[in-house]
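Student: coords below, sequence missing:
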């Protein structure tokens, strides 16, 4: 279950509207880790992740009256984090948003199994992808977004999300293959 | 060591990354900076000043020789009661946007209301009660949007 799938009670919501410190603290404690984790996975730098986390909480506290309650508070907050992070990515690397929307057959025919070296954590591999690619991978595979929802986030189509996901997986495979080759060479040199 | 996992399983098995520092202090400080009032609406200020003046009268005036007619007092209390009910019923409509100067003013006026309510609770003098109720009425009217039509007796 997503750590964002948590709600806040009416009393906390009411107190948030009044900016009560204890209510803000409660929400911060509840969501600080999921917010930072998501921001970090998308941005891959601790400074950016920290900035986006702070900005997201401030935005959520300032716009709490816009939360309709139709989705859990956590999911609403998650959307704020994603939007803030995407804004930063857009600002820092506008070129990754400018590529074409074409989908190729090769993009969609990727294997479902890959081999990972557990000597590294996911950040090691995510860092090798473009911010857009790793965002799509994380949102689809971990946060459970649909391709349609991801397409909407980028103002693109569903197939845009599908093709970028496939390309991201392909890129990951290349990184992994390179790693495996290096590892084999190292092992051979010891023998 | 290499193992086979689906991408999803592997990513989901990652330990969540916790923030390196507790940033709440910085967040709340920025929040407070943002909600400081940029301006005070004149009619809010006028109401606050009136409340101060009435309070001042309460402190300086001794018992008045002029008796306050009981029906005036009753009428005033009814008006206040209606405004209070209206505010409770439509609190969300009347509450200023978070971070706005309006909300800050509303909070200040509500503090004045609490102060007046405390003085009213411990008051037996008709003249002072009348003045305090008038002060309360003016604050309640300030808290209610001017465009709102309220049936007053």
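Tutor: Sure, I can see it. Worth saying up front: this structure is predicted, and the values here are computed from it rather than measured.
Student: buried residues in stretch A:164-175?
Tutor: A:164-169, A:171-172, A:175 (16 or more other CB atoms under 10 Å in any protein chain shown). Where C-beta positions appear, they are placed from N, C-alpha and C, glycine not excepted.
Student: Three-state assignment for residue A:3, please.
Tutor: On the three-state scheme (DSSP: H, G, I helix; E, B strand; the rest coil), residue A:3 is labelled coil.
Student: so which of the buried residues of stretch A:164-175 reach chain B?
Tutor: A:169, A:172 (CB under 8 Å from any CB of the partner chain).
Student: do stretch A:54-72 and chain B meet at all?
Tutor: Yes: counting by CB under 8 Å from any CB, chain B is contacted by stretch A:54-72 at A:54, A:57-58, A:61-65.
Student: tabulate the residues you listed (CSV), appending secondary structure, neighbour count and distance to residue A:157.
Tutor: Below are those laid out as CSV (DSSP: H, G, I helix; E, B strand; the rest coil; neighbours: other CB atoms under 10 Å in any protein chain shown; distance: CB to CB, whole Å):
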residue, secondary structure, neighbour count, distance to residue A:157
A:54, helix, 20, 33
A:57, helix, 26, 32
A:58, helix, 20, 33
A:61, helix, 23, 34
A:62, helix, 17, 32
A:63, coil, 14, 29
A:64, helix, 24, 33
A:65, helix, 14, 33
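Student: from the residues you listed, which two are the most distant?
Tutor: The most widely separated members of the residues of stretch A:54-72 next to chain B, counting by CB to CB, are A:54 and A:65 (20.5 Å).
Student: quick one, strands of the chain?
Tutor: Because you didn't say which chain, this covers chain A. For chain A, the strands defined by DSSP state E occupy A:113-117.
Student: chain B, not that one
Tutor: B:2-6.
Student: if we can go back for a sec, any chance of the buried residues of stretch A:164-175 in a markdown table, with pLDDT too?
Tutor: Listed next are these as a markdown table, based on pLDDT from 0 to 100:
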| residue | pLDDT |
| --- | --- |
| A:164 | 92 |
| A:165 | 93 |
| A:166 | 92 |
| A:167 | 90 |
| A:168 | 89 |
| A:169 | 88 |
| A:171 | 86 |
| A:172 | 83 |
| A:175 | 80 |
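Student: of the buried residues of stretch A:164-175, closest to chain B?
Tutor: Set against chain B, the nearest of the buried residues of stretch A:164-175 by CB to the nearest CB is residue A:169 (6.6 Å).
Student: residue A:140 is in contact with that closest one, correct?
Tutor: No: Residue A:169 lies out of contact with residue A:140 (CB atoms under 8 Å); the separation is 10.2 Å.
Student: can you show me the helices along chain A?
Tutor: A:10-17, A:21-43, A:46-62, A:73-92, A:122-126, A:131-141, A:147-153, A:158-190 (DSSP state H).
Student: where does chain A dip in pLDDT?
Tutor: Residue ranges of chain A with pLDDT under 70: A:96, A:98-120, A:179-191.
Student: break it into its domains for me.
Tutor: As given by automatic domain parsing, the domain ranges for chain A are A:10-92, A:99-190.
Student: and those domains, which is most packed in?
Tutor: For the domains of chain A, the largest average neighbour count (mean count of other CB atoms under 10 Å in any protein chain shown) is found in domain A:10-92, namely a mean of 18.
Student: chain center to that domain, what's the gap?
Tutor: Here domain A:10-92 shows a centroid-to-chain-centroid distance of 14 Å under the convention CA atoms, centre = their mean, to the nearest Å.
Student: for the spatially closest residue to residue A:64 that is not a sequence neighbour, give me its contacts.
Tutor: Leaving aside its chain neighbours, residue A:64 sits nearest to residue A:16 (4.7 Å; criterion: CB to CB, 6 or more residues apart in numbering or on different chains). Applying CB atoms under 8 Å, 6 or more residues apart in numbering or on different chains to residue A:16 gives the contacts A:8, A:23-24, A:27, A:61, A:64.
Student: separation between residue A:16 and residue A:29?
Tutor: 13 Å (CB to CB, to the nearest Å).
Student: make sure residue B:113 is actually in contact with residue B:138.
Tutor: No: Residue B:113 is beyond contact range of residue B:138, at 10.7 Å (criterion: CB under 8 Å).
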